[in-house]
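>>> Can you look at this prediction? I've put the sequence above it.
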Amino acid sequence: MNASDREQLVVWLEQMIDGRIAAEDLARLQQLLTDEDEARQLYLDLTRQHAQLQWEEARLKSLAATETPKPATTGRSLLASRAALLLALTACAFAAVWIGRWLLPPHATRPVAQLTRVENASWGSNTLPTTLGSELAPGRLQLQLGLATIRFHSGAEVVLQGPAELELRDGMHGTLHSGTAVVEVPEPARGFTLDTPTASVIDYGTMFAVTVDSQRKTATVDVLEGEVEVQHATSKTVQRLHQKQTTVVGEDRLDDVEPSPAEPAVSDIPTRSTVDEGTVRITTATGRGGDATVIQSNVHNHANPHLVFVKNCNDEYRRKGYLAFDLQSLGGQRIESARLVLTLQPSGFGYASLVPDSTFSVYGLMDESLDKWTASNLQWETAPANIDAPGKLDGRLAGKLGQFAVPRGKQTGQVSIEGSALADFLNGDTNGIVTLIVVRDTSDRRPPGLVHAFANHQHPSAAPPTLELRLSDEER
Amino acid sequence: MGTLRGISIKQGAGRLQLLFHATPRWEGSAKREKSQEILRILVQDALLRHSIGMVHQSSSPPPANQPAPGDDRAELFIRLLAENERVLTAYVLTLLPHRPDAEDILQETKLALWRSFHQFQEGTSFGAWARAIAFNRVLDFRKRKARENERLCFSEDCCRMLAEAFEEGTARREKQMASLMDCVAQLQPVHRKMLSLRYFEHLAIEQVAEQMGRSVAATYRALSRIRLALRQCVCSDHACLDPVGE
């Protein structure tokens, strides 16, 4: 069952509650319940919840009257950390819709477009669902790779070419924040407007392409067919562009109209991955560094000498990743900014389809006396800050430094965390070694789900866990 | 014989049976609390009257082979029913999600449980016994509906599969329900509002949609996401699925 199957099942249940399910839908639901254990379990969880909500109707009423959420109290389910988790979960369409839809005022939540085609797409942080056929309310789509076709309700069709980020405003209006989009506007949608940070492109029945270069802060408009109007965001100067004409709009300039190039440059490929000068890289292969996996069963036949495994499940295959970095070489220099980069690798264990879009948390081991572990002596029971629960650590010994998301099925590429929590943690080091612990927050949808893996310091080709640090001249 | 908040109290076990007609229906919590209060007092009343020998003046005396309701037996019944009522409600709602249907079956079941309580063996599972009786009521209900050509419930086979799966997961689900309201508290205010409209105000989807200024389709979607999110939330604190290898 995928996310939309599950949603469909709930809708059918909702209709049954009101006694108005269509006979053919009832038949389909019944078939599903008869055939699939997963569907039955879901159905039973939901009817139990339904019964409980009936019992709790009075409390529901009083809770609904409380407009502001309760302040977080215990460590178990901090509202704030839940909210943060949800925000980080944006790759997960489910949570995404949740936030995207609900953070907006109610009148803005009606769908304005539909995701009509998806080709080799890999999504980034989205506030909108990315399932094919999804109705899209106002919100943002971040496409990392591939193509996605968004048909606005006006009829305008935007083909997004990853990496790109598009914000949907209403049926006649979108904003391209970065990357390339090709827009085709049929007659009835004439006047469709695509904003960019530096210019608005108003369509007059055409097909045009826009590339936003977020590094250079320019938008390149290229008319493939027909005519558009380009309005400079700051000066409000207007330019008309016809077929095979192009212009570049910067923050403070609107270039002359020129003939379109035969092969336009469209890349908005982030240059982040190239390490800037002055950045220090420390890996788990550096000095006294190291990496290891702990597994509840402490059995190592499901291991790999080149990988760190992480898994959140309810059986004895649950795993957490331990990384040690040797900071001795920094000589006490203050770290201005820090980023932890991990390289995803196929693990060879478990079914990827059974694990939803997942978030991972990286924790820093606060008790420095526990930094002296080695890969060979690390056991589930004695691993620093570990507790016998999937995806969780002892909050007194380890503090959360950041989260990253891995979409369902993705087993390659780099993931990272950065931010002041990581830099502060590293700056607080006194013994020259820091331990970071990686856990998966997201559990299997059902066992036996995929084990996520990251290249370790012994991997023959992929980069090991790496800290990219920018140092300042100050002493720590 | 006295009057309690407008309801006349008659002595005897026959009345006690009637109580279960008056047990909580979904008609708003104030009413329900009131009816529960009345229930409590009526039960005490019946027990008291029985203990002073008035029960046999009742219009429906218990069968000879049945220990007279009242005394420890009635008390035991009330206690067992109270302990198992939530699970029983969930069970019936699983097989018959349509509220009025489930409500009818629950009332019928409670009466049947009381009537055949003498067959219940103390020490065995009251919950399982109650569910078996409820299951038969559901099957009867199905047959009735089928005769009336209303087929808005599951087939017998499907009911059996659901009932079986229900038994396997009861303990886990009960544990999860402990954190349900914490999870509700973590929802966005707008979502809590939707749940309140649906469960406290008892509005149908169309009315919820109207109140929230959304389309009916969007309301279905929203509610289904709320339900899935709550499920996820209660699952995250408890084991949701049985362990299997990898």
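Good, I have the coordinates.
>>> State the mean pLDDT of the helix of greatest length in chain B.
Scanning chain B for the longest helix, with DSSP state H as the assignment, gives helix B:71-95. For helix B:71-95, mean pLDDT is 87.
>>> Also stretch B:134-152?
Averaged across stretch B:134-152, the pLDDT comes to 82.
>>> And for stretch A:200-216?
Along stretch A:200-216, the predicted local confidence has a mean pLDDT of 88.
>>> Counting by contacts, list what the one helix or strand A:Ile150 maps to packs against.
Remark: A:Ile150 resides in strand A:139-152, with elements defined by DSSP states H and E. With contacts defined as 3 or more C-beta pairs under 8 Å, 6 or more residues apart in numbering or on different chains; DSSP states H and E, the secondary structure elements packing on strand A:139-152 are helix A:93-103, strand A:113-123, strand A:157-170, strand A:173-184. In short, each C-beta sits where N, CA and C put it, glycine included.
>>> Hmm, A:His302 and A:Glu316 touching each other?
No. A:Glu316 is beyond contact range of A:His302, at 10.2 Å (criterion: C-beta atoms under 8 Å).
>>> Compare neighbour counts for these two and give me the winner.
Set side by side, A:Glu316 and A:His302 show more neighbours around A:His302, with 19 against 15, by other C-beta atoms under 10 Å in any protein chain shown.
>>> Could I get the contacting residues of that one?
Contact partners of A:His302, counting by C-beta atoms under 8 Å, 6 or more residues apart in numbering or on different chains, are A:295, A:309, A:317, A:349, A:451, B:246.
>>> Correct me if wrong, but the second one is in a helix.
No. Counting by DSSP: H, G, I helix; E, B strand; the rest coil, A:Phe309 is not part of a helix but strand.
>>> Quick one, grab the pLDDT at it.
96.
>>> Identify the bridge partners of it.
Counting by DSSP bridges, A:Phe309 forms beta bridges with A:Ala453.
>>> Low-confidence ranges, the chain, go.
Chain wasn't specified; assuming chain A. Within chain A, the stretches falling below the threshold (pLDDT under 70) are A:66-109, A:125-127, A:267-277, A:474-476.
>>> I was after chain B.
The model of chain B has pLDDT under 70 over residues B:1-71, B:149-152, B:236-246.
>>> hmm, 80 instead?
Using pLDDT under 80 as the threshold, the predicted model of chain B has low-confidence ranges B:1-73, B:146-153, B:236-246.
>>> the helices in it, which residues?
With DSSP H applied, chain B shows helices at B:13-22, B:29-51, B:71-95, B:99-115, B:126-147, B:156-177, B:180-185, B:189-199, B:205-212, B:216-236, listed in chain order.
>>> Now do the same contact list for A:Thr176.
Slight slip there: residue A:176 is Leu, not Thr. Residues touching A:Leu176, when contacts are defined by C-beta under 8 Å, 6+ apart, comprise A:164-167, A:194-196, A:210, A:212, A:219.
>>> got a markdown table for those, with neighbour count too?
Output for the contacts of A:Leu176, formatted as a markdown table (neighbours: other C-beta atoms under 10 Å in any protein chain shown):
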| residue | neighbour count |
| --- | --- |
| A:Ala164 | 28 |
| A:Glu165 | 23 |
| A:Leu166 | 25 |
| A:Glu167 | 17 |
| A:Leu194 | 26 |
| A:Asp195 | 21 |
| A:Thr196 | 25 |
| A:Val210 | 25 |
| A:Val212 | 27 |
| A:Ala219 | 28 |
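>>> Make a markdown table from those residues and add distance to chain B to it.
Listed next are those as a markdown table, based on distance: C-beta to the nearest C-beta, whole Å:
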| residue | distance to chain B |
| --- | --- |
| A:Ala164 | 26 |
| A:Glu165 | 24 |
| A:Leu166 | 22 |
| A:Glu167 | 20 |
| A:Leu194 | 26 |
| A:Asp195 | 26 |
| A:Thr196 | 30 |
| A:Val210 | 30 |
| A:Val212 | 31 |
| A:Ala219 | 33 |
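>>> How far does stretch A:253-267 sit from its chain's centre?
Shown here is stretch A:253-267, whose average C-alpha point lies 32 Å from the average C-alpha point of the whole chain (C-alpha atoms, centre = their mean, to the nearest Å).
>>> burial count for residue 157?
Looking at chain A here, since you left the chain open. The criterion is other C-beta under 10 Å. On that basis, A:Glu157 has 20 neighbouring residues.
>>> hmm, I had chain B in mind actually
Counted with other C-beta under 10 Å, the burial measure for B:Asp157 works out to 10 neighbours.
>>> excluding its backbone neighbours, what's nearest it?
In space, B:Asp157 comes closest to A:Thr34 once its chain neighbours are excluded; the distance is 6.9 Å by C-beta to C-beta, 6 or more residues apart in numbering or on different chains.
>>> Show me what the helix or strand hosting A:Gln49 is packed up against.
Secondary structure from DSSP H and E places A:Gln49 in helix A:37-55. Using 3+ C-beta pairs under 8 Å, 6+ apart as the contact criterion, the neighbours of helix A:37-55 among helices and strands are helix A:3-17, helix A:23-35, helix B:71-95, helix B:156-177, helix B:180-185, helix B:189-199, helix B:216-236.
>>> Nearest to chain B: which residue in the stretch 351-476 of chain A?
A:Pro448 (3.7 Å; C-beta to the nearest C-beta).
>>> Could you give the number of residues near that residue?
Neighbour count of A:Pro448, defined by other C-beta under 10 Å: 19.
>>> Please apply the same query to A:Phe309.
When counting by other C-beta under 10 Å, one arrives at 27 neighbours for A:Phe309.
>>> residue contacts, it?
Contact criterion C-beta under 8 Å, 6+ apart gives A:293, A:295, A:302-303, A:319, A:321, A:347, A:349, A:451-453 as the residues in contact with A:Phe309.
>>> Write the ChimeraX selection for whichever of these are buried.
The following ChimeraX selection, which keeps only the buried ones among the contacts of A:Phe309, applies the criterion 16 or more other C-beta atoms under 10 Å in any protein chain shown:
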select /A:293,295,302,303,319,321,347,349,451,452,453
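>>> thinking again about what came up before, quick one: closest of the helices and strands packed on strand A:139-152 to B:Gln207.
Put simply, out of the helices and strands packed on strand A:139-152 the one that sits nearest B:Gln207 is helix A:93-103, at 20.2 Å, with distance taken as C-beta to C-beta.
>>> circling back to that earlier point, so which of the helices and strands packed on strand A:139-152 is nearest A:Arg440?
Go through these one by one with C-beta to C-beta and the one that ends up closest to A:Arg440 is helix A:93-103, at 15.5 Å.
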